[in-house]
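Colleague: A structural model of the following input is requested.
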Amino acid sequence: MKTQLDLENKEFDEHERRFIADIKKYGWYGHHIFESEDWPKFSFTSGFWLRYGFPEIVVFSMEFETAQLILGGVKDQLEDGVRFQLGVPVQNVLVNDVVFLPVDKKFYEDLGWTRWFYLGDDFECVQLVWPTQKTIFPWSNNAPREYLNAQPDLTGGDWLGRLQ
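Modeller: Predicted coordinates:
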């Protein structure tokens, strides 16, 4: 897979240079996007797929500092050799279990920097889905509406791989 790191003699602007430098230094980069008409605020990674062979991650409705810490914690576990299964509850990411679900490529358009880095959509991405404090996931029948609005379904179809 080719990335921006493979392009020789390409002139990068200041933001691109900083992004590339951080990818080279830390192996990944965390992006944080403010709420819009279409989406609640969200955070996502660049570099996990290249460096660790694990999909890039998108997570919704977390404070940006919290999201950065959580994504950094996932990175630390990946460096330690942990491999997270998709579609099943996963421990040791948050206090309660989370679930990683594949993101449908039709939602990649909002992952601008990651798409730029990979020269297109040739990477995998998962959504980190977190439960309520009562461990209710969005696909549960009793999930509160405000919680459903906080985590849009990026699987491309009614919470693919849902658990109950």
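Colleague: Sketch out the low-pLDDT regions of this structure for me.
Modeller: By pLDDT under 70, the weakly predicted segments of the chain are 9, 160-164.
Colleague: Would you map the strands across it?
Modeller: Here the chain has its strands, by DSSP state E, at 29-33, 42-46, 56-60, 89-90, 98-102, 125-129.
Colleague: TSV please, covering these and showing distance to residue 3 and mean neighbour count.
Modeller: To be clear about C-beta, it is placed using only N, CA and C from the backbone, and glycine gets the same treatment. Formatted as TSV, these follow (distance: least, CB to CB, whole Å; neighbours: other CB atoms under 10 Å):
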stretch	distance to residue 3	mean neighbour count
strand 29-33	12	19
strand 42-46	9	26
strand 56-60	12	24
strand 89-90	27	16
strand 98-102	21	22
strand 125-129	15	24
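Colleague: What lies in contact with the helix ranked longest in the chain?
Modeller: As assigned by DSSP state H, the longest helix anywhere in the chain is helix 64-79. Helix 64-79 has contacts (CB atoms under 8 Å, 6 or more residues apart in numbering) with 27-28, 30, 32, 41, 43, 45, 48, 52, 54, 57, 59, 62, 84, 92-94, 128.
Colleague: on that earlier part again, with distance to residue 74 as new columns, can the strands of the chain be given to me in a markdown table?
Modeller: Formatted as a markdown table, those follow (distance: least, CB to CB, whole Å):
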| stretch | distance to residue 74 |
| --- | --- |
| strand 29-33 | 10 |
| strand 42-46 | 8 |
| strand 56-60 | 7 |
| strand 89-90 | 10 |
| strand 98-102 | 9 |
| strand 125-129 | 8 |
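Colleague: out of these, nearest to residue 135?
Modeller: Closest to residue 135 of those, according to CB to CB: strand 89-90, at 9.1 Å.
Colleague: Report all helices and strands that the closest one contacts.
Modeller: On a contact count with 3 or more CB pairs under 8 Å, 6 or more residues apart in numbering; DSSP states H and E, strand 89-90 meets strand 98-102.
Colleague: and the direction of the strand it packs on versus that of helix 64-79, what angle?
Modeller: When axes from the mean of the first three to the mean of the last three CA atoms, to 10 degrees is applied, the directions of strand 98-102 and helix 64-79 differ by 80 degrees.
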